[in-house]
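In: Dropping a prediction and its sequence here:
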Amino acid sequence: MDSLFSELSSQQGDGWMRAQSDIERIWSRSGSAALDLLLMRGEAALDAGDVPAAIGHLTALTENAPGFAAGWAARAVAFQLAGETGPAMADLAQALRLEPRHWPSVTLLATILEDMGDTERALAAYRESLAINPHQEEAEDGVARLMAESQGQDA
């Protein structure tokens, strides 16, 4: 994984795209076909807009695979979509304890902090996420937005 993360952080060429894809594929595998199916069902439910079903599948996943960061990260997304910020933050914390380089979780944390009005911590989280994976449009946009806001306040 370290070599993939090194390649991901490269600004030269397009090898970072393969590295990103490989990292995401590794993260999506729990080691159990049944648990991987729960993740796929949870993600499919999210894609279909069925947040309660997604939370159900992903809760079953986190209960049966508490060491699987992708399960916590996916359930954090579902909780955030359900407007349940506290549980989303708790799940992000668990995902990041298990995989500190899980940039989608860091970016979601930044988004939540921004929504809460904590722009200083949101900006730090977006920057941290970009330090892990500098090829994220959402995090780049977050930094640009918060920098523009802070410059507008300084004027």
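Out: Done, it's in.

In: For the longest helix anywhere in the chain, list every residue counted as buried.
Out: Looking across the chain with DSSP state H, the single longest helix is helix 137-154. By neighbour count on 16 or more other Cβ atoms under 10 Å, the buried set for helix 137-154 is 139, 142, 143, 146. Glycine gets a C-beta too; all of them are placed from N, C-alpha and C.

In: helices and strands around it, which ones?
Out: The contact analysis (3 or more Cβ pairs under 8 Å, 6 or more residues apart in numbering; DSSP states H and E) places helix 137-154 against helix 103-115, helix 119-132.

In: got TSV for those helices, with distance to residue 43, mean neighbour count and mean pLDDT too?
Out: Listed next are the helices and strands packed on helix 137-154 as TSV, based on distance: least, Cβ to Cβ, whole Å; neighbours: other Cβ atoms under 10 Å; pLDDT from 0 to 100:
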stretch	distance to residue 43	mean neighbour count	mean pLDDT
helix 103-115	12	22	97
helix 119-132	20	18	96
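
In: Any chance of those helices in JSON lines with distance to residue 29 as columns?
Out: Below are the helices and strands packed on helix 137-154 laid out as JSON lines (distance: least, Cβ to Cβ, whole Å):
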{"stretch": "helix 103-115", "distance to residue 29": "16"}
{"stretch": "helix 119-132", "distance to residue 29": "20"}
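
In: Tell me, please, the helix or strand in the chain that averages the lowest pLDDT.
Out: One helix or strand of the chain scores below all others by mean pLDDT, DSSP states H and E: helix 137-154, with a mean of 89.

In: and of the buried residues of helix 137-154, the nearest to residue 9?
Out: residue 139 (13.5 Å; Cβ to Cβ).

In: okay but the closest one is in contact with residue 126, surely?
Out: Yes - look at residue 139 against residue 126 with Cβ atoms under 8 Å: they come within range, at 4.8 Å.

In: ok, and for stretch 46-53, which residues are buried?
Out: Within stretch 46-53, the residues that count as buried by 16+ other Cβ under 10 Å are 46, 51, 53.

In: Tell me which entries of those lie within helices.
Out: 46, 51, 53.

In: Overlap in contacts, residue 139 and residue 126.
Out: Taking Cβ atoms under 8 Å, 6 or more residues apart in numbering as the contact rule, residue 139 and residue 126 both touch 107, 110.

In: So which of the helices and strands packed on helix 137-154 is nearest residue 59?
Out: With Cβ to Cβ as the criterion, residue 59 lies closest to helix 103-115 of these, at 17.3 Å.
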